[in-house]
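Participant: Here's my sequence, what's the structure:
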Amino acid sequence: MSHPRLSPESGPFRADQLRDGDRYELSHGHPIYCAPARREHAAPNIAGATVIDTDPEVAWAGVDAGFSPEPGTLRAPDVAVAAPTDSSPTATGWLTTAPPLAVEYAGQGQDEADLRLKIAELLEAGTRFVWVVRLKGPQRVEVHRPDGPMRLFTAGEVLEAPGILRNPVPVRALFDRETAHEVVLRNLLQRRGYDSLSAVREEGLEQGLEQGLEQGRQAGEAAVLLRQITLKFGPPDVAVRQRIETADVDTLLRWSERILTAQHLEEVLDHSPHG
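Facilitator: Numbers count the residues shown, from 1 in each chain. Below you'll find the predicted structure:
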C-alpha cells in the first residue's frame with residue numbers, strides 16, 4: 001500500500017483522518033512522517049516488544065499503537081503498554097489513554113527535535129516512563145519521567161517500571177535477541193505460576209516420584225498376591241493375571257486378606273467392588 005506524504009500546508013489534520021497503517025503521527029494537527037525501520041532497528045524492536053508484552057502484569061502491549069488524547073494529536077511509540085482503560089479485548093480504534101510505559105528505538109537518522117517533542121507530549125498526557133533505546137554507540141537506555149530528570153542506564157544494568165511491569169528488564173534484553181528470549185521464558189513461566197524453569201523441573205520430579213512410588217507399590221502388592229495364588233491354587237491363567245496386574249492397591253490388599261481363608265480362587269476375586 002502506498003502512503004503519500006501529507007502536506008503540512010493542507011493541514012491541520014485530525015487523528016480520525018488517518019487510516020490504520022498510515023506512516024504518520026500528528027502533533028497539534030501537523031503531520032510527522034514515520035519512515036520504515038532498518039534491520040538494525042527492527043530486530044531489537046521486536047525483541048523489546050516481546051519482553052514487555054510477556055511481563056505477568058501486562059494485559060497487552062502494542063507495536064506502533066496509535067494514541068490520540070485529542071483530535072489533533074496522534075502518537076505511536078515503537079512499543080507501548082496499554083493503560084487499563086484501553087485493555088478491553090473488544091476495543092477498537094486509536095488508544096485514548098496515555099500508555100503508562102512507552103519505548104522508543106532511536107537509530108540512524110533519528111530526528112532528535114521530534115523525539116524530544118514526542119517524549120514531552122507523552123509525559124504531559126500521562127505516560128509515566130518513556131524509555132529511549134539508543135541504537136547508535138554503546139548500548140544504553142534513557143529513562144524519562146514527568147517527575148524527575150532523565151536517567152541513563154547502560155549495558156549490565158536493569159530497568160524497572162513499578163506498578164506497570166512485575167519484573168526488571170535488563171538493558172541488554174532491549175538489544176539482544178538471546179537475552180530477550182531468556183527474559184521472555186521467565187515471564188511466560190510466571191504467567192503459568194512458576195518462579196523459574198527450576199521450579200518446573202522440581203515439580204515434575206516430585207510428581208514423577210509420587211507416581212513412581214504409587215506404581216511401585218501397586219506392582220509389589222500384585223506380585224505378592226500372584227505368588228500367594230500360585231502357592232495355594234497353582235499358576236493363574238492369563239485373564240486372572242491381567243486382572244490382578246491392573247487392580248488398584250486397595251483392591252489387591254482386600255484380595256490378599258481373602259486368600260488366607262479361601263478354599264477356591266473364585267472366592268478371592270469375586271464380590272469385590274473393584275474386582
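
Participant: Residues in a beta bridge with residue 148, which ones?
Facilitator: Beta-bridge pairing of residue 148 under DSSP bridges involves residue 145.

Participant: burial measure for it, as a count.
Facilitator: 8 (other Cβ atoms under 10 Å). Yep, even glycine has a C-beta here, placed from its N, CA and C like the rest.

Participant: Distance check, it against residue 57.
Facilitator: 22 Å (Cβ to Cβ, to the nearest Å).

Participant: Also residue 35?
Facilitator: 32 Å.

Participant: Compare neighbour counts for these two and give me the winner.
Facilitator: residue 57 (14 against 9).

Participant: Show the contacting residues for that one.
Facilitator: Taking Cβ atoms under 8 Å, 6 or more residues apart in numbering, we find residue 57 in contact with 164, 165, 166.

Participant: and if we set it to 10 Å?
Facilitator: When contacts are counted by Cβ atoms under 10 Å, 6 or more residues apart in numbering, residue 57 is found next to 81, 161, 163, 164, 165, 166, 167, 187, 190, 191.

Participant: of those, buried ones?
Facilitator: Among the contacts of residue 57, those that count as buried by neighbour count (16 or more other Cβ atoms under 10 Å) are 81, 161, 164, 165, 167, 187, 190.

Participant: Pretty sure the fifth one sits against residue 185.
Facilitator: No. Using Cβ atoms under 10 Å, residue 167 and residue 185 do not qualify as a contacting pair, with a distance of 11.7 Å.

Participant: Residues that sit against both of the two, list them.
Facilitator: Taking Cβ under 10 Å, 6+ apart as the contact rule, residue 167 and residue 185 both touch residue 54.

Participant: re the thing from before, filter the buried ones among the contacts of residue 57 down to just the ones in strands.
Facilitator: If you go by DSSP state E, those have residue 81 in strands.

Participant: Fine, thanks again, bye for now.
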